[in-house]
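Asker: A predicted structure for the sequence below; I have some questions about it.
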Amino acid sequence: MTEPRSGRPGHPDDDGALPQHVQDAIRAALTRPATLDEDTRAQLYARAAALSLGDPASDIPDDLTVYADKVALWAYKTLDREIDALRDAGRTDDEIFELTICVALGAGSARFLAGLAALDEALAERDTERDGLTDTETADAHTD
Amino acid sequence: MRIQIERRLSPVQRALLAVWKLLIGRVPGPMLVVSYRKRYFGNYWASCMQEGMRAARYWNRGEIELFAAFTSKVNSCTY
């Protein structure tokens, strides 16, 4: 029987199903010294994870919302003018870089864990079907 | 205007990127990202890339590169 893997998307301390190197990268991005404070980085990570899964998302600073949500949901649609808007709002390039990394990690890890969960579900379903078939064969053998 | 990562790299890093440009005409995006602020993110992410792209047991390098290129294409994100 396939054992389900643990891990809750959006909770960096409980993303146990992520590979160790990815967990290390997430922890570094959220906790190493940086220009954005740790709370904001954690909020960005959690919001991106929630949005990626269609869950209710927590608040982040207003000026970051448009760009952060776009990176989380439609990263390929980001535009230079959105980076400029963040600069106009007083954000430095380092802050924009950190925000992009935290959002990308939140969205990516949530989708990765959702993919693993779907795979586990499919494997469990297959195991159940196999067990059912084996039971039927055993019953048939007894009847014979 | 996007973040000008190249301007903020060390001379050695810029020289390495120049070699990439000579070889393939551009610097791959992942290479730029792992080069910038290595102690904050780049070093950690480089380890992830190394494990994901080079440490697989079931697939060879070419197959993994193909998976990555296909996924990037589907995501409309040039790899």
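Answerer: It's in. These figures come from a predicted structure and were not determined experimentally.
Asker: measure the residue located most distally from the centre of chain B to A:Ile83 for me?
Answerer: Distance from the C-alpha centroid of chain B, by CA atoms, centre = their mean, peaks at B:Tyr58 (22.5 Å). Taking CB to CB, to the nearest Å as the measure, B:Tyr58 falls 39 Å from A:Ile83. (Each C-beta comes from the backbone N, C-alpha and C, glycine too.)
Asker: which stretches of chain A aren't confidently modelled?
Answerer: A:1-16, A:136-144 (pLDDT under 70).
Asker: residues in it within reach of chain B, list them.
Answerer: A:19, A:21-22, A:24-25, A:28-29, A:32-34, A:75-76, A:80, A:83-84, A:93-94, A:96-98, A:101 (CB under 8 Å from any CB of the partner chain).
Asker: When you filter the residues you listed down to buried only, what's left?
Answerer: Those of those that meet the buried threshold are A:21-22, A:24-25, A:28-29, A:34, A:75, A:83, A:93-94, A:96-98, A:101, by 16 or more other CB atoms under 10 Å in any protein chain shown.
Asker: quick one on the thing from earlier: distance of the residue farthest from the centre of chain B from B:Val33?
Answerer: For B:Tyr58, the distance to B:Val33 - CB to CB - is 27 Å.
Asker: Repeat that for A:Glu82.
Answerer: 18 Å.
Asker: of the two, who's got more company?
Answerer: B:Val33 (19 against 14; other CB atoms under 10 Å in any protein chain shown).
Asker: any idea which helix or strand carries that one?
Answerer: helix B:29-35 (DSSP states H and E).
Asker: picking that back up, who's in contact with the residue farthest from the centre of chain B?
Answerer: Counting by CB atoms under 8 Å, 6 or more residues apart in numbering or on different chains, B:Tyr58 touches no other residue.
Asker: Does it lie in a helix or a strand, and which?
Answerer: Here B:Tyr58 is assigned to no helix or strand, by DSSP H and E.
Asker: what's it sitting at in phi/psi?
Answerer: phi -100, psi -20 (degrees, to the nearest 10).
Asker: What of the one 4 residues further on?
Answerer: Note on B:Gly62: its backbone torsions stand at phi -60, psi -40 [degrees, to the nearest 10].
Asker: Check which helices and strands the helix or strand of chain B with the lowest mean pLDDT is in contact with.
Answerer: Scoring the helices and strands of chain B by mean pLDDT, DSSP states H and E places helix B:29-35 at the bottom, with a mean of 84. Applying 3 or more CB pairs under 8 Å, 6 or more residues apart in numbering or on different chains; DSSP states H and E, one finds that helix B:29-35 makes contact with helix B:11-24, helix B:43-54.
Asker: Averaged pLDDT, the host helix or strand of B:Leu66. What do you get?
Answerer: Element membership of B:Leu66 [criterion: DSSP H and E] is helix B:61-74. Per-residue pLDDT values across helix B:61-74 average out to 88.
Asker: Work out for me the element A:Asp94 sits within.
Answerer: Residue-wise, A:Asp94 maps onto helix A:93-143 under DSSP H and E.
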